[in-house]
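In: Quick check, what structure comes out for this input:
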Amino acid sequence: MEFSTRFGWTGLPLLAAAFILGSVLTVSAQIIPPTAAAPDDEATEAAEAPDVNDPDVLKGIDVDKLDWSQLAVDAGTGIDPMAAKKRAQAAAKEGLDWSSNPNANGSSAVTVKQSVFSFWDTRIGADMTVTSEPRTMSELLAQKAANGGSLPQSSGSAWAAATAPGAGSIWDKTAVEARVDPGAEHSKIGASLTKSVPLSGDTSLTLQNGYSVNQQGTTAVPGIGGHITRNYETEQTAKVTMTDTGTSITAGQTLSTTDDKWLRKLGAEQKLFDNVTVSGSVGETSQGAINKSVTAGFKKSW
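Out: Take a look at the predicted model:
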């Protein structure tokens, strides 16, 4: 059975054109034209328009004394950004101060400190050496090579320090510091008295006397009990500072219960340019040899 139609291949373009035209007319018929505003809406808008006879709400108010900062609020959170920033700065100032510096052997020197109260500038803190576990064999070998064949160990010590005024014209400042290292069973408490004397021009002389007590304990082993040894030490230094040239010269001597004589030391420091200094020192040792050192340092604060 065969079916035939009077539309051949030549009639398909006409059929497609008719279909497209019908689709356009259908879509146009579905578009809803905009409606005019209702009379009631126009009346409401007219009623809400300001009138020249309305009372002045700012009458008797000094506009210059208004607290416009109340408008500085985030509409999404309701938080005053300026107040939040001030609270964050105060919390950072009164909270813990952390700093970290990497060491050559792969560990990190971490320091944390906090001001307890401003009276006598009392502070507490801790100095720690934090090591990281090696994740690969290459890191393990690198840490052993940088630490003399063994892995670096974590350690730390806690300290407390205070700075107090002196006693009239005898000395200007008193500093007290205590430090405890539980891992090494070592503790130290010391105090220093400082007196500053101005010289001619930009030159000043600073005298300092220091006293400290070092306590070292030993771990008890089977058959041998632990014991504690104490070492008393005193130090006297004089430092001349020339501000105009950035030069300072220090001379001092140290005496402790473990030595039978004063050990003298002489040092100098020169500021090359901003934040860069070079220092050197020559000092005696208890074995009779001379200890010499030259160092360069860079310090930057943000």
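In: Any stretches of this structure with poor pLDDT?
Out: 1-95, 105-106, 220-221, 223, 225, 299-302 (pLDDT under 70).
In: Please parse it into its domains.
Out: Domains of the chain are assigned by automatic domain parsing as 96-160, 166-302.
In: Tabulate the ones you listed (TSV), appending mean neighbour count.
Out: Quick note: C-beta positions are derived from backbone N, CA and C, even for glycine. Output for the domains of the chain, formatted as TSV (neighbours: other C-beta atoms under 10 Å):
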stretch	mean neighbour count
domain 96-160	13
domain 166-302	13
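In: Can you tell me the closest non-neighbouring residue to H186?
Out: Q216 (5.4 Å; C-beta to C-beta, 6 or more residues apart in numbering).
In: Output the contacting helices and strands for the helix or strand containing D127.
Out: Applying DSSP states H and E as the criterion places D127 in strand 122-130. Using 3 or more C-beta pairs under 8 Å, 6 or more residues apart in numbering; DSSP states H and E as the contact test, the elements touching strand 122-130 are strand 108-117, strand 155-165.
In: And for stretch 151-171, what's in contact with it?
Out: By C-beta atoms under 8 Å, 6 or more residues apart in numbering, the surrounding residues in contact with stretch 151-171 are 103, 105-107, 120-131, 134, 140, 143-144, 146, 172-184, 186, 193-195.
In: Just the CA atoms of that stretch, as CSV, please.
Out: Output in CSV follows, covering the C-alpha atoms of stretch 151-171 (Å, rounded to 0.1, in the frame of the first residue of the first chain):
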residue,chain,number,x,y,z
LEU,A,151,68.0,14.0,65.4
PRO,A,152,67.3,17.4,67.1
GLN,A,153,65.2,17.3,70.2
SER,A,154,62.5,19.7,71.3
SER,A,155,63.2,21.7,74.5
GLY,A,156,62.1,24.8,76.2
SER,A,157,62.4,27.1,79.2
ALA,A,158,60.0,29.4,81.0
TRP,A,159,60.9,32.8,82.4
ALA,A,160,59.6,35.8,84.3
ALA,A,161,61.1,39.3,84.3
ALA,A,162,60.4,42.6,85.9
THR,A,163,61.9,46.1,85.6
ALA,A,164,61.7,48.4,88.6
PRO,A,165,63.0,51.9,89.3
GLY,A,166,66.3,52.4,91.2
ALA,A,167,67.1,54.0,94.5
GLY,A,168,67.5,57.7,94.0
SER,A,169,70.9,58.8,92.7
ILE,A,170,72.6,55.5,93.5
TRP,A,171,71.2,53.6,90.4
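In: now the strands for the chain?
Out: 97-102, 108-117, 122-130, 155-165, 173-181, 186-198, 203-217, 228-242, 247-256, 263-273, 276-284, 290-298 (DSSP state E).
In: And the contacts of the last one?
Out: Applying C-beta under 8 Å, 6+ apart, the set of residues contacting strand 290-298 from outside is N275, V276, T277, V278, S279, G280, S281, V282, G283, E284, T285.
In: any chance of those in CSV, plus distance to K292?
Out: Compiled in CSV, the contacts of strand 290-298 are given as follows (distance: C-beta to C-beta, whole Å):
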residue, distance to K292
N275, 25
V276, 21
T277, 18
V278, 14
S279, 12
G280, 8
S281, 7
V282, 5
G283, 8
E284, 11
T285, 11
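In: Of the residues you listed, which is the nearest to P222?
Out: Minimum distance to P222 across these is 36.3 Å, recorded for T285 (C-beta to C-beta).
In: thinking that closest one is in contact with R264, fair?
Out: No. The criterion here is C-beta atoms under 8 Å, and T285 misses it with R264 at 10.7 Å.
In: Touching, T229 and Q216? I think so.
Out: Yes. Under the criterion of C-beta under 8 Å, T229 makes contact with Q216 at 5.2 Å.
In: got JSON lines for the helices and strands packed on strand 122-130, with distance to S256 too?
Out: Listed next are the helices and strands packed on strand 122-130 as JSON lines, based on distance: least, C-beta to C-beta, whole Å:
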{"stretch": "strand 108-117", "distance to S256": "27"}
{"stretch": "strand 155-165", "distance to S256": "20"}
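In: among the ones you listed, which is nearest M242?
Out: Once those are compared by C-beta to C-beta, strand 155-165 is nearest, at 25.1 Å.
In: and the angle for that closest one with strand 108-117?
Out: If you take axes from the mean of the first three to the mean of the last three C-alpha atoms, to 10 degrees, strand 155-165 sits at 30 degrees to strand 108-117.
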